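Participant: predicted model and sequence below, questions to follow.
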Amino acid sequence: MAVTESAPAVPPAARTQTRTPDGTPDAPGTGAHDPAVRGAPDRGTPDQGGGGYEGILRRQSLRESAARTYARSLPIVPVRARGLTIEGADGRRYLDCLSGAGTLALGHNHPVVLEAIKKVLDSGAPLHVLDLATPVKDAFTSELFATLPGELADNARVQFCGPAGTDAVEAALKLVRTATGRNGLLAFTGAYHGMTAGALAASGGATDVRVTRLPYPQDYRCPFGVGGARGARLAAHWTQNLLDDPKSGVAAPAGMIVEAVQGEGGVIPAPDDWMRRMRRITADRSIPLVVDEVQTGVGRTGTFWAVEHSGVVPDVMVLSKAIGGSLPLAVIVYRSELDAWEPGAHAGTFRGNQLAMAAGTATLAYVRENKLAERAGVLGDRILGRLRGLAAAHPCVGDVRGRGLMIGVELVDPDAAGPDDLVPPASPALAVAVQQECLARGLIVELGGRHSAVVRLLPPLTLTDEQATAVLDRFADALAAAERAHTPQPPASRRATAPATAAPGPSH
């Protein structure tokens with residue numbers, strides 16, 4: 001398969017013949033003047049620019065809120081996409097290793113997803129049905145339950161939530177509070193659970209703290225300064241001691257929420273032994289364990305669900321992103337013993353997204369039948385190996401980590417480390433430079449971590465060996481270019497007097 005996949009055919013409405021400035025007609029769908037390439041027709045005033053991608057970007061900056069995120073660091077205008085490939089309105093093709101922040105398990109416009117959507121549209125089925133039962137919903141829940149850990153699937157209930165993962169987090173928190181009659185919550189440093197009020201309160205950036213924060217184990221930046229298995233044991237001991245100390249100031253909580261791999265926190269996998277310890281601690285104290293699988297689910301980490309690495313069976317699983325097959329869908333799945341809600345206790349108008357359920361069923365089945373989770377584990381190990389080889393040659397790479405096709409590269413400033421620093425400080429400026437150098441080479445990556453200094457790779461699970469090599473080649477080239485640009489240069493007088501035969505020193 002080619003590194004970049006052919007984009008879908010230009011829709012008939014976009015095949016209007018256009019003319020170049022000298023009056024000669026363009027071939028539809030191919031030239032720079034084709035509407036499908038240059039973007040939507042201009043509807044702005046003349047001083048706002050034309051319909052080209054620069055005009056679209058300009059109008060976005062004028063019309064949309066200051067909360068824009070991805071659009072700031074990725075100034076492209078996608079018009080077509082397939083698999084790993086996005087084609088921009090400027091005619092350039094990009095390898096997309098953001099995948100809708102992990103949403104696109106099968107990449108863009110996978111044929112099985114498009115066929116599932118088309119089948120529903122052609123059937124005349126209603127697209128909006130609140131929470132009524134439909135054949136489409138029944139097929140989705142059946143496929144979803146077939147993928148769950150058996151011990152949970154055999155005794156589970158599912159609640160369809162609003163369209164986003166943060167809505168499912170809110171539902172999970174409300175559920176455990178209702179079931180236990182308690183209000184407190186245990187969460188972890190570095191966590192990210194969404195942007196609504198309750199989800200933010202449980203995330204690492206919370207300012208109005210109403211949640212008990214626990215240490216999340218890390219190797220590279222261990223909160224106890226030791227890392228490894230000992231650091232994870234200390235983190236677990238801290239948690240257990242806090243809960244059992246009658247003078248800790250922490251009342252019995254309604255639940256504990258945790259990510260098996262922290263994504264926005266910097267792509268930090270939880271050690272399997274530590275996850276099992278969290279399960280024992282919560283089970284022994286009748287504290288529901290909520291695992292947020294919004295980004296880690298559907299094969300991303302090398303198992304269908306990230307908790308399967310440790311064998312942990314949580315009381316509640318929070319699911320979104322990939323389960324909708326690229327369309328908005330969010331659910332929680334939980335032990336039936338927690339189902340203490342009254343009818344209407346958690347409702348929402350858009351819980352019955354039929355197109356998303358159809359696309360989700362197709363995606364879940366395709367990942368399961370084609371063993372894409374196992375493939376993600378094998379290919380992810382290969383990618384991590386090559387990235388660690390890069391780290392050995394580039395001192396600015398502090399750590400390479402991840403699981404499956406959820407990978408992070410933390411960039412640091414090795415020259416800024418103080419005598420008491422266990423590891424060099426993060427370098428967010430270098431990370432931004434790497435991201436922009438990647439974009440210049442046609443590679444889309446995202447940044448995350450505590451200081452936005454972790455370059456994140458979230459390619460689709462359909463990534464081929466050839467495409468993985470192309471991604472790594474572009475990333476290596478971008479890293480080298482950004483590192484050179486950030487390397488302090490000696491004064492001109494020193495450069496002039498340096499011996500002509502002197503070998504270049506290491507680049508930092």
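Facilitator: Looks like it arrived, so ask away.
Participant: rest of the way, CA atoms for contacts and neighbours
Facilitator: Will do.
Participant: for the closest residue to residue 131 other than its chain neighbours, grab the count of nearby residues.
Facilitator: Closest residue in space to residue 131, ignoring its immediate chain neighbours: residue 352 at 5.4 Å, by CA to CA, 6 or more residues apart in numbering. By other CA atoms under 10 Å, 24 other residues sit near residue 352.
Participant: could you do residue 342 as well?
Facilitator: 8.
Participant: which secondary structure state does it sit in?
Facilitator: coil (DSSP: H, G, I helix; E, B strand; the rest coil).
Participant: by mean pLDDT, flag the weakest helix or strand of this protein.
Facilitator: With mean pLDDT, DSSP states H and E as the measure, the helix or strand of the chain carrying the lowest mean pLDDT is helix 35-38 (a mean of 29).
Participant: next secondary structure element downstream of it?
Facilitator: For helix 35-38, the following helix or strand on the C-terminal side (DSSP states H and E) is helix 53-63.
Participant: which parts of whichever helix or strand comes after that next one are buried?
Facilitator: For helix 53-63, the succeeding helix or strand toward the C-terminus, using DSSP H and E, is helix 70-73. For helix 70-73, burial by neighbour count (16 or more other CA atoms under 10 Å) applies to residue 73.
Participant: put the alpha carbons of helix 70-73 into PDB.
Facilitator: Provided in PDB are the C-alpha atoms of helix 70-73 (Å, rounded to 0.1, in the frame of the first residue of the first chain):
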ATOM      1  CA  TYR A  70      -5.800  22.400  17.200                       C
ATOM      2  CA  ALA A  71      -6.500  25.000  14.600                       C
ATOM      3  CA  ARG A  72      -3.800  27.300  16.100                       C
ATOM      4  CA  SER A  73      -0.900  24.800  15.800                       C
END
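Participant: who does the helix or strand that contains residue 408 pair up with?
Facilitator: According to DSSP H and E, residue 408 maps onto strand 406-411. Strand 406-411 sits in its sheet next to strand 397-403 (antiparallel), strand 454-457 (antiparallel), going by DSSP bridges.
Participant: deepest in the core, which of these is it.
Facilitator: Comparing these by mean neighbour count (mean count of other CA atoms under 10 Å), strand 454-457 ranks first with a mean of 27.
Participant: so for that one, mean pLDDT?
Facilitator: Confidence over strand 454-457 (mean pLDDT, whole number) is 98.
Participant: just how off-centre is it within its chain?
Facilitator: For strand 454-457, the distance from its own C-alpha centre to the chain's C-alpha centre is 10 Å (CA atoms, centre = their mean, to the nearest Å).
Participant: quick check: which ranges of the stretch 51-200 of the chain have low pLDDT?
Facilitator: The stretch 51-200 of the chain contains residues with pLDDT under 70 at 51, 195, 197, 200.
Participant: ok, which stretches of it are helices?
Facilitator: Per DSSP state H, counting those that start in this stretch, the stretch 51-200 of the chain carries helices over the ranges 53-63, 70-73, 99-102, 111-123, 135-147, 150-153, 165-180, 197-201.
Participant: make a markdown table from those helices and add distance to residue 314 to it.
Facilitator: Shown next, in a markdown table, are those (distance: least, CA to CA, whole Å):
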| stretch | distance to residue 314 |
| --- | --- |
| helix 53-63 | 42 |
| helix 70-73 | 32 |
| helix 99-102 | 22 |
| helix 111-123 | 29 |
| helix 135-147 | 14 |
| helix 150-153 | 8 |
| helix 165-180 | 12 |
| helix 197-201 | 19 |
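Participant: out of these, which gets nearest to residue 316?
Facilitator: helix 165-180 (7.1 Å; CA to CA).
Participant: helices or strands up against the closest one?
Facilitator: helix 197-201, strand 255-258, strand 316-319, strand 331-335 (3 or more CA pairs under 8 Å, 6 or more residues apart in numbering; DSSP states H and E).
Participant: nearest to residue 59, out of the strands paired with strand 406-411?
Facilitator: Nearest of those (CA to CA): strand 454-457, 28.6 Å.
Participant: output the closest one as PDB, nothing but the C-alphas.
Facilitator: Extracted in PDB, the C-alpha atoms of strand 454-457 (Å, rounded to 0.1, in the frame of the first residue of the first chain):
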ATOM      1  CA  VAL A 454       5.600  15.600  24.800                       C
ATOM      2  CA  VAL A 455       5.100  15.000  21.100                       C
ATOM      3  CA  ARG A 456       2.200  12.500  20.800                       C
ATOM      4  CA  LEU A 457       1.700   9.900  18.000                       C
END
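Participant: which element follows that strand toward the C-terminus?
Facilitator: Going down the chain from strand 454-457, the next helix or strand is helix 465-485, by DSSP H and E.
Participant: same for that following helix, what does it pack against?
Facilitator: Applying 3+ CA pairs under 8 Å, 6+ apart, we find helix 465-485 packed against helix 372-393, helix 428-440, strand 443-444.
Participant: any idea which of the ones you listed is most buried?
Facilitator: A comparison of these by mean neighbour count, using mean count of other CA under 10 Å, puts strand 443-444 on top with a mean of 26.
Participant: contacting residues around the helix or strand that that strand is followed by?
Facilitator: Later in the chain than strand 443-444, the nearest helix or strand by DSSP H and E is strand 446-448. Under the criterion CA atoms under 8 Å, 6 or more residues apart in numbering, residues 97-98, 263-267, 431-432, 435, 453-457 lie in contact with strand 446-448.
Participant: recalculate using a threshold of 7 Å.
Facilitator: 98, 264-266, 453-457 (CA atoms under 7 Å, 6 or more residues apart in numbering).
Participant: closest to residue 315 out of the helices of the stretch 51-200 of the chain?
Facilitator: Evaluated with CA to CA, the helices of the stretch 51-200 of the chain place helix 150-153 nearest to residue 315, the distance being 7.7 Å.
Participant: how about residue 157, what does it touch?
Facilitator: Residues in contact with residue 157 (CA under 7 Å, 6+ apart) are 333-336.
Participant: residue 464 versus that one, what's the distance?
Facilitator: 36 Å (CA to CA, to the nearest Å).
Participant: ok so, going back, doesn't residue 134 make contact with the residue nearest to residue 131?
Facilitator: No - Residue 352 lies out of contact with residue 134 (CA atoms under 7 Å); the separation is 9.2 Å.
Participant: next, count neighbours for residue 420.
Facilitator: Residues contacting residue 420 under the criterion other CA under 10 Å number 6.
Participant: thinking again about what came up before, name the helix or strand for the residue nearest to residue 131, please.
Facilitator: According to DSSP H and E, residue 352 maps onto no helix or strand at all.
Participant: got a list of what it touches?
Facilitator: Going by CA under 7 Å, 6+ apart, residue 352 touches 128-131.
Participant: what's the span of stretch 158-167, first residue to last?
Facilitator: Using CA to CA, one end of stretch 158-167 lies 14 Å from the other.
Participant: residues in contact with it?
Facilitator: Contacts of stretch 158-167 (CA under 7 Å, 6+ apart): 168, 193-196, 199, 294, 319-321, 328-334, 348, 350-351.
Participant: quick one: buried ones out of those residues?
Facilitator: Buried, going by 16+ other CA under 10 Å: 168, 193-194, 199, 294, 319-321, 328-334, 350-351, out of those.
Participant: so residue 177 sits right up against residue 253, yeah?
Facilitator: No - with contact defined as CA under 7 Å, residue 177 does not reach residue 253; the gap is 8.6 Å.
Participant: any chance of the helices and strands packed on helix 465-485 in CSV, with mean pLDDT too?
Facilitator: Below are the helices and strands packed on helix 465-485 laid out as CSV (pLDDT from 0 to 100):
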stretch, mean pLDDT
helix 372-393, 97
helix 428-440, 97
strand 443-444, 98
